[in-house]
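>>> pasting the structure only:
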């Protein structure tokens, strides 16, 4: 089946009224909703909702992450606070684990995106304080705790 031009030009707004959002301590300007936590494979899938013009704390990805922008714009920031990249709605990205410290958040209208963190071990993210010193790591077990499991 192929889509007609009229079908592909339709715009829709993501309705998140049935999504169970929860805040994470230390992550101002964002909420998340867990979709799946698989401790045996170190994989976690979750939705993130960033407030408009938000920036979360600096961190690095210890696991490969796949993301898809559902609504708004996903903005990535350098350590000096400058804008590195803006990913508009519909963007699918694969980012390998790395030492890249950055911040991210929502554009002028905020952002909703689907994240899939795929670790080689249980450590998925490392967070940094204002002096760029490690403030802790987020593991698959932390996500299990968020899910109530």
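Everything's here; your move. Please read all numbers here as calculations on a predicted model, not as lab measurements. Numbering: from 1, shown residues only.
>>> avg pLDDT for the longest strand seen in the chain?
Scanning the chain for the longest strand, with DSSP state E as the assignment, gives strand 103-118. Across strand 103-118, pLDDT averages out at 97.
>>> now do it: distance to the chain's middle.
Strand 103-118 has its C-alpha centroid displaced from the chain centroid by 5 Å (Cα atoms, centre = their mean, to the nearest Å).
>>> and stretch 119-130, by the same measure?
Going by Cα atoms, centre = their mean, where stretch 119-130 is centred and where its chain is centred differ by 13 Å.
>>> same check, this time on stretch 129-147
Its chain's average C-alpha position is 14 Å from that of stretch 129-147, according to Cα atoms, centre = their mean.
>>> pLDDT wise, what is residue 148 at?
69.
>>> can you map out the helices along this protein?
5-8, 140-146 (DSSP state H).
>>> so where do the strands sit in the chain?
Residue ranges of the strands in the chain, as given by DSSP E, are 22-23, 30-38, 43-50, 59-61, 64-77, 83-88, 92-95, 103-118, 123-128, 134-139.
>>> and the first one, what does it pack onto?
So the one you mean is strand 22-23. Judged by 3 or more Cβ pairs under 8 Å, 6 or more residues apart in numbering; DSSP states H and E, strand 22-23 is in contact with strand 30-38. In short, each C-beta sits where N, CA and C put it, glycine included.
>>> ok now the strand it packs on, how far from the chain's centre?
On Cα atoms, centre = their mean, the centre of strand 30-38 falls 9 Å from the chain's centre.
>>> go on, stretch 76-91?
12 Å.
>>> which of the residues in that stretch are buried?
Residues 76-77, 87, 89 are the ones in stretch 76-91 that count as buried (16 or more other Cβ atoms under 10 Å).
>>> can you redo these as a markdown table with pLDDT and distance to residue 68?
As requested, the buried residues of stretch 76-91 are arranged in a markdown table below (pLDDT from 0 to 100; distance: Cβ to Cβ, whole Å):
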| residue | pLDDT | distance to residue 68 |
| --- | --- | --- |
| 76 | 97 | 15 |
| 77 | 97 | 20 |
| 87 | 98 | 9 |
| 89 | 96 | 9 |
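>>> farthest-apart pair in the residues you listed, please.
77 and 89 (18.9 Å; Cβ to Cβ).
>>> would you check that residue 104 makes contact with residue 75?
Yes - counting by Cβ atoms under 8 Å, residue 75 is a contact partner of residue 104 at 6.4 Å.
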